[in-house]
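> Build me a model from this:
(chains A and B)
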Amino acid sequence: MSGFGEVFSLVFQWNVLGTVLFAAMYGLFVGAIPGLTATMSVALLVPITFFLDPVPAVAAIATASATAIFAGDIPGALLRIPGTPASAAYVDEAYALTQKGEAERALATSLVTASLGGLIGVALLAVFAQQLAAVAVKFSSVEYFWLGCLGLTSAVAVSSASLPKGALALFIGLFISTIGIDIATGHPRFTFEQMDLLDGVSFIPAMIGMFALSQVLRTVTTDLDTIVPRVPIGSLAGEMVRVVRRYWVNIIRSATFGNVLGALPGAGADIAAWIAYSLSRRFSKTPEKFGKGHPEGLADAGSANNSAVAGAWTPALVFGIPGDTVTAIAIGVLMLKGITPSPRVFVTDGTLVYAIFVAFALANLLLLPLGMLAIRASRYALSIPKRVLMPIILVFCVIGAYAVDNTLFSVWVMLFLGLLAYVMEENGIPIAPAILGIVLGKVIEKNFLITMLKTQGDPIGFFDRPVAGVLGALTLALWAYLIASTVWRGLKRPAVE
Amino acid sequence: MKFNDFALGLIVAAFGIAVILHVRTFPDMAGMQYGPAFFPSLIGGAFVAIGAALALSHLFARRQGERSPLVVLPEWIGSRIAVARAVGVLVAVVAFALVTPYAGFLLTTIVITAALLALMGADWRVTLPLSVVLPFVLSYVFSTTLRVPLPRGPLERLFF
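Next up, the predicted model:
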């Protein structure tokens, strides 16, 4: 590892600090607006990061995602509308506190646990990622093939959709990843004579379409008029101290747990929050208070989801396998900045990676003062009518898609995939497995072909190395379990009268 | 547009078959079992299997008395203004892709922003300043600071 001095001198520069500050405010704003997710905030930020140095670019993404996840709690507590899906798990609890006239208690709990959860998450990320990298250096194409498959499988397993629909999402993503020139022979696949498709479907426009355009479509058709009532908010600082004193065990426990969950591909901050909240209730000394305005569940879920945001970077940096949709985008930015995710990333780009960790920690520290400001300012942000906001977001979508490759073809990609995502969500087909499919499709195909060449077509080659064997067996077992449990539930379903 | 599992299954399976038929036209790689068609045909096969599973699960549920129409249109389709807004959003994106090479970024974005704000029913006191200021700010930020070559048109020649 390079010297601390070098790392800090990379982070503590005006352009980096300024970018982090801007990204924090941007993330808070986007996260606080219901319907705009942390992933969407990051997708719209990417075109700007293209023109920044590596450290500020990646720091901006990490910061915006961390702050957006917290900001999602604000409308959750005040309006009972989660600002991002990660806040959905405990929105009733937070709103119950507000109804008791204790909005400041709900928001202070969210804020301080988000900041602490994030800090613990970054610390764990720094430790885990390096340990994992030390093991993963020995991995070959077989291990990467199975890791990719396991990642995709767990994305299907944790999605709330039925198995056929989760699997469908996954294969839609994999199919999109095969568009373009074939890596082995150079034969164009599914490009239909379009020059622009030879390089494959451009990822960022795809992402902007799938997350932002589809949301704009949903909002303008069903939810253009939400009226925001005003809620008085009392002192925050005192509440935060009380929360930490009473629930520090919960915070450490759930931050650790959320970090591990975040590292699982497909299971991001929202799933971490759901599970942490239900575990909190199960282990609580006073489970009967849950749901009626009790901060304990908020402390657990709030620290879990922000820690998951950091945890998702572990597989992203070490394997190039994103832990969630935000890091799926971040991998693209890393590669563009010349940082190739791999087990050797700590050797090749050690200083940069540690600088990113420091910036990440800084963002979570900044979250405290900025979050307090954001809570105070929330009444203004929440009162911007959606009829004004949606056209602005659409303009950002279009210019964002264009700016990535400076081609209008990307605007078509964004439009097409936005419509696809809209229809998918209408039909209960989850988006996250499709995103992972797009990112991992090429990785899986490449490593499959390499392995096949090495073993000359012998399928035993996929299992005869110990780590590969375990990963392969895990993947196959997970599929067997998923299929068997789906069939079993289908057979046991009682007849509808 | 919400399809029931039977309709969705048929669509998915048909797409899978189309993929498999299409990749059969791909050339083989000399001396290798796994050419460019291999991975896509696996995916096509998966689509067929998933489509069949969806359709079968629907038939199974139907035998137990569940009924659902093939396609349900979204509720907002009955509201003329909601349809106009959805179409407006799509037309705006298409217009941007088609018109900017000729009209330039500024002019296109001013018109699109103003039209969309009006269509969403925003106050004209917001619409007018916003649809002028936003495109100019974006144009300045992207073309000057971020060095993105935005398509130039008459307004760009006038101002920059």
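
> For the rest of this, base every contact and every neighbour count on C-alpha atoms.
Will do.

> List the buried residues of the one helix or strand residue A:471 maps to.
Under the criterion of DSSP states H and E, residue A:471 resides in helix A:466-492. Judged by neighbour count using 16 or more other Cα atoms under 10 Å in any protein chain shown, the buried positions of helix A:466-492 are A:467-469, A:471-472, A:474-476, A:478-479, A:482.

> could you pull out the strands for chain A?
Per DSSP state E, chain A carries strands over the ranges A:180-181, A:188-189.

> Same list (those) but as CSV, adding distance to residue A:24.
Putting the strands of chain A into CSV (distance: least, Cα to Cα, whole Å) gives the following:
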stretch, distance to residue A:24
strand A:180-181, 36
strand A:188-189, 41
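
> which stretch among those strands comes nearest chain B?
Closest to chain B of the strands of chain A, according to Cα to the nearest Cα: strand A:188-189, at 7.8 Å.

> Quick one: name the residues of the stretch 1-150 of chain A near chain B.
Within the stretch 1-150 of chain A, the positions near chain B by Cα under 8 Å from any Cα of the partner chain are A:48, A:51.

> And the stretch 201-350 of chain A, by the same measure?
So far as Cα under 8 Å from any Cα goes, the stretch 201-350 of chain A lies against chain B at A:217, A:220-222.

> which of those are buried?
A:217, A:220-221.

> what's in contact with stretch A:207-216?
For stretch A:207-216, contacts defined as Cα atoms under 8 Å, 6 or more residues apart in numbering or on different chains pick out A:35-36, A:39-40, A:43-44, A:329, A:390, A:393-394, A:397, A:400-401, A:413-422, A:431, A:435.

> Helices - which of these land there?
Counting by DSSP state H, the part of the contacts of stretch A:207-216 found in helices is A:39-40, A:43-44, A:329, A:390, A:393-394, A:397, A:400-401, A:413-422, A:435.

> Which residue is the nearest non-sequential neighbour of residue B:28?
Distances taken as Cα to Cα, 6 or more residues apart in numbering or on different chains put residue B:35 closest to residue B:28, at 5.4 Å, once the chain neighbours are dropped.

> can you check residue A:117 too?
Here the residue nearest residue A:117, using Cα to Cα, 6+ apart, is residue A:303, at 4.0 Å.

> what about the closest residue to residue A:415 other than its chain neighbours, how many neighbours?
Here the nearest residue to residue A:415 in space, its sequence neighbours aside, is residue A:209; by Cα to Cα, 6+ apart that works out to 6.0 Å. For residue A:209, the neighbour count with other Cα atoms under 10 Å in any protein chain shown is 32.

> circling back: which SS class is the residue nearest to residue B:28?
Recorded secondary structure, residue B:35: coil (DSSP: H, G, I helix; E, B strand; the rest coil).

> Check what pLDDT the nearest residue to residue A:336 once chain neighbours are set aside gets.
Residue nearest to residue A:336 in three dimensions, not counting chain neighbours: residue A:50, with 7.9 Å by Cα to Cα, 6+ apart. On the pLDDT scale, residue A:50 is placed at 80.

> how much space is there between residue A:470 and chain B?
Here residue A:470 is placed at a distance of 23 Å from chain B (Cα to the nearest Cα, to the nearest Å).

> Please tell me how far that residue sits from residue A:444.
With distances taken as Cα to Cα, to the nearest Å, residue A:470 is found 17 Å from residue A:444.

> Please dump the strands of chain A into JSON lines; it should also carry distance to chain B for every row.
Shown next, in JSON lines, are the strands of chain A (distance: least, Cα to the nearest Cα, whole Å):
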{"stretch": "strand A:180-181", "distance to chain B": "9"}
{"stretch": "strand A:188-189", "distance to chain B": "8"}
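
> Tell me which of those approaches residue A:12 most closely.
Closest approach to residue A:12 among these (Cα to Cα): strand A:180-181, 41.5 Å.

> what does the closest one rub up against?
A:187-191, A:197-201.

> List only those of those residues flagged as buried.
By 16+ other Cα under 10 Å, these give A:187-191, A:197-198, A:200-201 as buried.

> Without its sequence neighbours, what residue ends up closest to whichever residue of the stretch 201-350 of chain A sits closest to chain B?
Nearest to chain B, among the residues of the stretch 201-350 of chain A, is residue A:221, at 4.8 Å (Cα to the nearest Cα). Among residues not flanking residue A:221 along the chain, residue B:82 sits closest, at 4.8 Å (Cα to Cα, 6+ apart).

> who touches the one you found in this structure?
A:220-222, B:76.

> Try it again at 10 Å.
By Cα atoms under 10 Å, 6 or more residues apart in numbering or on different chains, the contact list for residue B:82 reads A:217, A:219-224, B:75-76, B:88, B:119-120.

> Tell me which residue lies nearest the centroid of chain B.
residue B:90 (8.2 Å; Cα atoms, centre = their mean).

> Next, count neighbours for residue 76.
You didn't say which chain, so I picked chain A. 28.

> look at chain B instead
For residue B:76, the count of nearby residues is 15 (other Cα under 10 Å).

> Okay, residue A:340 and residue A:46: tell me how far apart.
Counting by Cα to Cα - residue A:340 and residue A:46 are separated by 17 Å.

> Can you confirm whether the least confident helix or strand in chain B by mean pLDDT lies near chain A?
One helix or strand of chain B scores below all others by mean pLDDT, DSSP states H and E: helix B:154-159, with a mean of 84. No - legend: contact between helix B:154-159 and chain A by Cα under 10 Å from any Cα of the partner chain is lacking; minimum distance shown is 16.1 Å.

> what comes up buried for that helix?
Result for helix B:154-159 [16+ other Cα under 10 Å]: buried residues residue B:156.

> what residues does that helix touch?
By Cα under 10 Å, 6+ apart, helix B:154-159 touches B:102-108, B:136, B:139, B:150.

> how about the CA coordinates for that helix, as PDB?
This file holds the C-alpha atoms of helix B:154-159, laid out as PDB (Å, rounded to 0.1, in the frame of the first residue of the first chain):
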ATOM      1  CA  PRO B 154     -28.900  29.000 -35.800                       C
ATOM      2  CA  LEU B 155     -29.100  30.100 -32.100                       C
ATOM      3  CA  GLU B 156     -25.600  28.700 -31.400                       C
ATOM      4  CA  ARG B 157     -24.200  30.700 -34.300                       C
ATOM      5  CA  LEU B 158     -25.900  33.800 -32.800                       C
ATOM      6  CA  PHE B 159     -24.700  33.400 -29.200                       C
END
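
> avg pLDDT for stretch B:96-111?
94.

> And it, what's buried?
Applying 16+ other Cα under 10 Å to stretch B:96-111 flags B:96-98, B:100, B:103-110 as buried.

> Equivalent analysis for stretch A:392-410, please.
Here stretch A:392-410 shows A:392-404, A:406-410 as buried, counting by 16+ other Cα under 10 Å.

> which of residue A:340 and residue A:46 has more neighbours?
residue A:46 (25 against 20).

> Of all the residues in stretch B:67-83, which ones are buried?
Of the residues in stretch B:67-83, those buried (16+ other Cα under 10 Å) are B:81-82.

> Just the CA atoms of it, as PDB, please.
In PDB, the C-alpha atoms belonging to stretch B:67-83 read as follows (Å, rounded to 0.1, in the frame of the first residue of the first chain):
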ATOM      1  CA  ARG B  67     -59.200 -16.000 -14.600                       C
ATOM      2  CA  SER B  68     -57.300 -13.100 -16.100                       C
ATOM      3  CA  PRO B  69     -57.700 -11.400 -19.500                       C
ATOM      4  CA  LEU B  70     -54.900 -11.700 -22.000                       C
ATOM      5  CA  VAL B  71     -54.000  -8.000 -21.900                       C
ATOM      6  CA  VAL B  72     -55.000  -5.300 -19.500                       C
ATOM      7  CA  LEU B  73     -54.400  -1.700 -20.600                       C
ATOM      8  CA  PRO B  74     -53.200   0.700 -17.900                       C
ATOM      9  CA  GLU B  75     -55.900   2.700 -16.200                       C
ATOM     10  CA  TRP B  76     -54.500   6.000 -17.400                       C
ATOM     11  CA  ILE B  77     -55.300   5.000 -21.000                       C
ATOM     12  CA  GLY B  78     -58.800   6.300 -20.300                       C
ATOM     13  CA  SER B  79     -57.600   9.800 -19.400                       C
ATOM     14  CA  ARG B  80     -56.900  11.800 -22.600                       C
ATOM     15  CA  ILE B  81     -54.500  14.200 -20.800                       C
ATOM     16  CA  ALA B  82     -52.500  11.300 -19.400                       C
ATOM     17  CA  VAL B  83     -52.200   9.700 -22.800                       C
END
